[in-house]
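In: test case, fold it:
(one chain, ligands or ions: 1)
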Amino acid sequence: MKSLKDQIIWITGASSGIGKALACEMSAQGAKLILSSRRIDELERVKNNCAHPDNIFILPLDLTDSTNLEAKVVAAIALFGHIDIMVHNGGISQRALVAETEIAVHRQVMELNYFSYIILTKALLPHFIERRSGYFVVTSSVMGKIGTPLRAAYAAAKHALHGYFDCLRAEVDRYGIKITILVPGYIQTPISVISGDGNFLSSKSEQISGGLSANKAAVQIIKAIKNEAYEPYIGRFIGEERLALFVKRFLPILFAKLIPRLGTPK
Ligand SMILES: NC(=O)c1ccc[n+]([C@@H]2O[C@H](COP(=O)([O-])OP(=O)(O)OC[C@H]3O[C@@H](n4cnc5c(N)ncnc54)[C@H](OP(=O)(O)O)[C@@H]3O)[C@@H](O)[C@H]2O)c1
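Out: Predicted structure coming up:
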């Protein structure tokens, strides 16, 4: 894909962070957008800050309201008449030891970071198949490729995305449907972090504060979309998360031995 001009792109998690930065950059490049998340006022703010607000619709939704998501897909298609690209991006993060994480928290993270993506995908798939065209862009994480202390619920949900979308890619390639799974490292965003008892943590991690800016991440993501990249790393060129991906891929046993010795991340 050479250009995003006139591409109709639906972004979830568009009110903040990576989704917000993507919306602004995609609008500047001439895309037509549907922006979704829960906070309508924030979505309106994002829309009005974009280069071409006239080409942007807002479609509020709660990704954990699974009974409503199929209707949201019907509504999204109706806005511009079709959809070219679906960017699955909304989500939360998590920090807690496995021993201190309630099963309900695992379910909560899974519901938002995994099940909402696959419910929307399944509902949108017939539209893509009928058009013999379509593109799912999925925001995973470095934690979708590795595991470290404190991140079991989050890593499990992100790993699940790789399994699901790898299988889907194999099934829908013959319809011309593309799938890119984004693997971001630390990106500076106000991402919400849930603890083991279901409360949200107020302090942000030092790694996220020191990560790549969301605007730079958006530029990298758009380049990956244009290249129809398979599983691009998004983040700082030099950083511990990139090194971790490399070691896990090529020296997995060394990685498994090193991670417990590196201590618990903040
Ligand atoms: N920041 C990082 O370092 C990093 C690294 C790797 C991967 N990621 C991934 O990047 C994606 C975006 O996160 P971010 O860092 O940009 O964080 P963010 O700024 O907090 O953005 C998260 C977005 O998800 C939306 N959201 C949260 N709960 C929702 C719900 N129940 N229903 C609908 N929308 C919901 C939020 O909007 P509302 O509150 O308006 O609903 C917000 O727009 C996530 O999938 C995250 O796992 C982030």
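
In: CA only for contacts and neighbour counts going forward, please
Out: Will do.

In: for this structure, just list every one of the helices.
Out: Here the chain has its helices, by DSSP state H, at 17-28, 40-49, 69-80, 103-110, 116-131, 152-172, 206-209, 214-226, 240-250, 252-258.

In: neighbours of residue 233, how many?
Out: 23 (other Cα atoms under 10 Å).

In: report the contact partners of it.
Out: Neighbouring residues of residue 233 by Cα atoms under 8 Å, 6 or more residues apart in numbering: 142, 182, 183, 184, 185, 242.

In: any idea how far the second one lies from the ligand?
Out: As for residue 182, its distance to the ligand is 8 Å (criterion: Cα to the nearest ligand atom, to the nearest Å).

In: list the residues that contact the residue lying closest to that residue once chain neighbours are set aside.
Out: Among residues not flanking residue 182 along the chain, residue 139 sits closest, at 4.9 Å (Cα to Cα, 6 or more residues apart in numbering). By Cα under 8 Å, 6+ apart, residue 139 lies in contact with 87, 88, 89, 181, 182, 183, 184.

In: contact residues of the protein facing the ligand?
Out: 13-19, 37-39, 61-64, 89-93, 139-141, 184-192, 208 (Cα under 6 Å from any ligand atom).

In: filter those residues down to the buried ones and hand me the ChimeraX line.
Out: Those of the residues of the chain next to the ligand that count as buried under 16 or more other Cα atoms under 10 Å are selected in ChimeraX with:
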select :13,14,15,16,17,18,19,37,38,61,62,63,64,89,90,91,92,93,139,140,141,184,185,186,187,188,189,191,208
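
In: among the residues of the chain next to the ligand, which lie within strands?
Out: 93, 139, 184, 187, 188 (DSSP state E).

In: what does the least confident helix or strand in the chain by mean pLDDT rub up against?
Out: Ranked by mean pLDDT, DSSP states H and E, the weakest helix or strand in the chain is helix 206-209, scoring a mean of 86. With Cα under 8 Å, 6+ apart as the test, helix 206-209 has contacts from 186, 187, 188, 189, 266.

In: hmm, which two among those residues are most spread apart?
Out: Greatest spatial distance in the contacts of helix 206-209: 189 and 266, 16.4 Å, computed using Cα to Cα.
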